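Trainee: build me a structure from this.
(one chain, ligands or ions: 2)
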Amino acid sequence: MYSLDTPLRAVKGIGPKLQAQFAKSEVLFVRDLLLQLPTRYNDLSKQTTIAAAVAGQSYTIRAKVLQTSKYYRGGKSILRATIVDKTGKLDLLWFNAKHSLQSLIKDQEYFFSGTISDRGGMVHPAFEKVSEDTIHTNRLVPMYTSTLGIQQGRVRRICKHIIDHLDTDKSGDDDMIFATETLPPLNRALKELHFPSETNAVVAARERLTVEELLVLIRQAKENKKSWAKRHDASVIIVTKPIIPKSIPFELTKSQQKASKEILHDLGRTQPMNRLLTGDVGSGKTVVAGIAARQVVLQKRNTCLIAPTRVLAEQHTKTLQALFPDIPITLITGAQKNSNLLQKPQVFVGTHALFSRLEAINPALLIYDEQHRFGVKQRLGEAGIIAHRLTMTATPIPRSLSLALFAYLDHSQIIELPSNRIPTKTWILPEAKRAKLYDWIEHQIAENPHYLVLLVCPFIEQSKDPGLAKIAAAKARFIELRQRFKLKYPVALLHGKQSPKEQNEVLEALRRQKVTMLVCTPIIEVGIDLPQASTLVIESAGQYGLASLHQLRGRVGRAGQQGYCYVFNDSNSPITSKRLKQFVATTDGHKLAELDLDNRGAGNLFGTTQHGFSFLRFASWTNLELLGQARAIEERLPDSWRSKLFFATLPKLTATN
Ligand code: ADP
Ligand code: MG
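Mentor: Ligands and ions are numbered 1, 2, ... in the order given. Got it, this is the predicted structure:
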């Protein structure tokens, strides 16, 4: 018998060569191989007779071998066999087949599975001896990823052998706790996932694994909370009044004041703060973070603010310098020497590159801006730092999710936008109206010399892929607009492939209001604050989900002026038009997030690559309903419970958010 911990080399049929091949994909133990779930199943479960078989359909046919032959054509071998059942004969062909005809014995009965060709035969059918328990034929046949670099048939045989000899749980504890009407026990789940008895069984089996994976996350969140609560090593920051310095040129909203107070309260304790600050795009999170950072500096300690992009780090530095002129605020780039940094307490702003300096800076407060990667230890170098932590995001987090996974975080919310804001007006425009739009923009610019138009294209350059060729590209649009508009301040271009120097020049010109039109990629989606921006044009808007569209729209109208958002849609998909109509209909971020959930499952709330749960193999934001089940099971589990499947494979969650 094998267990999940059995090394693959101990599995019958896996020699050193095959073991090395598996090891290339980090498949080392039985557990790893079984978690390499089939990417799909080939339905060869339908049996038929030769006479009843229809061209184009896939079947399994039970028949005897009548004759076999092998010949060569153009240097290639061709195997041919004729099979027979009570209803007729069928010709089978294999080109360059590795197996020899000796494996097909005359007068023996086999299952032959494949698709009937137009000529009425089968090309490259799978075959195996007739039995109740087949691997390659007469069933839903698992198809594994080709990235393993091992022949399908071989992976299948090994998996079958393991599954037939697998003991997942000697005590039976797990299965008693897990097995419910809908969730099968682990060994059955694994069997069904690899060799399903029927399609529905696959769904239930996957849910079993998903729930177990979520359980691990919930457990880790709880453990984090416990260990965090035991800590009393943070610096106590005593608040200096006034909390809101005169240098801030606007009045804070109620929720900004409340959030600031909550944060400052946490900073006064020896238990390190671990707080999430959420608030819709443009709600003014930066100033709240700055208020906390300032207090820390006034107590002669450092603060680090970590932004997701360099452009944003740069902007934060400038913004905070203007809002808080009484404290030193420094942008950290690669060039500075550590020794130069530590002359006086200050706020350091940078990207993840700051991590390598955290130890030297020894901040009392660590702030993450627009952090989408909840809960995962991706912040190398941060783990050993003793500091209060504040994470800011505009992403609304579904309640069920935050209850289960982020329960160990305290949460401050900014629920209103600054009172000077007017909802941005949004329209979907057909391509035919483009010239008219340009005329209108020209008119706006003529009336206001500091007018700023943002024009966002999904791509930098036109794609060579014909399917993507019509998606708007920033460079081409930039050239076009430079010709179309004769402006006092020029059209500028900003995208991720420019050098930092080029980007800086553009940003500087934007800040000095010496740009009238900015053509860019979604590089501006997160966080960019250009208060003079009034009009936003979103090209090929079908490329974005509602969350991204909302983020983009949050870039205009920030100084309280009327914002305008024009959306071009080059997609014919009805789903896309529905989404864009929803986008036009509301400017409420929470509402849009809910719609996003409805439309496409929770997977797109955070974007596919940004959600930070990419290490999850089964669970996703689409499984939110399973979270409830996982939470209920988690309550019943003994403290000692450890997932046999997942604890070994998940990265450890940090105690920070
Ligand atoms: P976000 O929450 O999206 O990070 P920012 O912190 O960038 O938003 O703030 C958006 C803009 O609103 C900035 O220009 C900021 O100066 C301004 N702002 C923030 N709070 C207020 C307020 N209470 N009243 C007026 N303007 C504000
Ligand atoms: Mg921000």
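Trainee: what's the nearest residue to the residue in the stretch 51-200 of the chain that ligand 1 sits nearest to if we skip its chain neighbours?
Mentor: Here the residue of the stretch 51-200 of the chain nearest ligand 1 is Thr147; by C-beta to the nearest ligand atom that distance is 39.7 Å. For the C-beta atoms, the positions are set from N, CA and C on the backbone; glycine is no exception. Nearest non-adjacent residue to Thr147, counting by C-beta to C-beta, 6 or more residues apart in numbering: Ser25, 6.5 Å away.
Trainee: with ligand 1 as the reference, measure out to that neighbour.
Mentor: Going from Ser25 to ligand 1 by C-beta to the nearest ligand atom, to the nearest Å gives 41 Å.
Trainee: quick one, what contacts that residue?
Mentor: 36, 147-149 (C-beta atoms under 8 Å, 6 or more residues apart in numbering).
Trainee: mind doing that once more with 10 Å?
Mentor: Residues near Ser25 by C-beta atoms under 10 Å, 6 or more residues apart in numbering: 32-33, 36, 145, 147-150.
Trainee: need the phi and psi values for it.
Mentor: In terms of degrees, to the nearest 10, the main-chain angles of Ser25 are phi -100, psi 20.
Trainee: sorry, back to before: how much space separates the residue of the stretch 51-200 of the chain closest to ligand 1 from Leu190?
Mentor: 21 Å (C-beta to C-beta, to the nearest Å).
Trainee: with neighbour numbers in mind, choose between these two.
Mentor: Between Thr147 and Leu190, counting by other C-beta atoms under 10 Å, Leu190 is the more crowded of the two (26 against 10).
Trainee: host element of Glu251?
Mentor: Assessed by DSSP states H and E, Glu251 sits outside every helix and strand.
Trainee: okay, now the domains of the chain?
Mentor: According to automatic domain parsing, the chain is divided into the following domains: 46-138, 254-414, 425-586.
Trainee: straight-line length of the last one, end to end?
Mentor: Yep, that's domain 425-586 we're talking about. Taking C-alpha to C-alpha, to the nearest Å, the first and last residues of domain 425-586 lie 10 Å apart.
Trainee: for it, what is the distance to the chain centroid?
Mentor: Its chain's average C-alpha position is 25 Å from that of domain 425-586, according to C-alpha atoms, centre = their mean, to the nearest Å.
Trainee: the second one too?
Mentor: Between the mean C-alpha location of domain 254-414 and the chain-wide mean there is a distance of 23 Å, by C-alpha atoms, centre = their mean.
Trainee: tally up the residues packed near the residue in the chain that ligand 1 sits nearest to, please.
Mentor: For the chain and ligand 1, the shortest gap (C-beta to the nearest ligand atom) falls at Gly284, measuring 2.7 Å. Applying other C-beta under 10 Å, we find 22 residues neighbouring Gly284.
Trainee: just checking, it touches Ile415?
Mentor: No: at 11.7 Å, Gly284 does not count as touching Ile415 under the criterion of C-beta atoms under 10 Å.
Trainee: need the residues touching each of the two.
Mentor: Common neighbours of Gly284 and Ile415 (C-beta under 10 Å, 6+ apart) are 253, 255, 259.
Trainee: Leu455: what's it in contact with?
Mentor: Residues in contact with Leu455 (C-beta under 10 Å, 6+ apart) are 441, 472, 474, 477-478, 481, 491, 493, 517-520, 535-539, 566, 568.
Trainee: from the residues you listed, which are also near ligand 1?
Mentor: Residues of these in contact with ligand 1 (C-beta under 6 Å from any ligand atom): none.
Trainee: which ones among the residues you listed are found in strands?
Mentor: Per DSSP state E, strands hold the following members of those: 491, 493, 517-520, 535-538, 566, 568.
Trainee: filter those to the buried ones?
Mentor: 491, 493, 517-520, 535-538, 566, 568 (16 or more other C-beta atoms under 10 Å).
Trainee: just put those in TSV and tack on pLDDT and distance to His316.
Mentor: Shown next, in TSV, are these (pLDDT from 0 to 100; distance: C-beta to C-beta, whole Å):
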residue	pLDDT	distance to His316
Val491	93	26
Leu493	94	23
Met517	95	24
Leu518	95	19
Val519	95	24
Cys520	93	19
Thr535	96	24
Leu536	97	21
Val537	97	26
Ile538	97	25
Tyr566	97	29
Phe568	96	31
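Trainee: please list the residues of this protein that sit near ligand 1.
Mentor: Residues of the chain lying near ligand 1 (C-beta under 6 Å from any ligand atom): 250-253, 256, 279, 281-287, 394, 418, 420, 527, 529, 531, 558.
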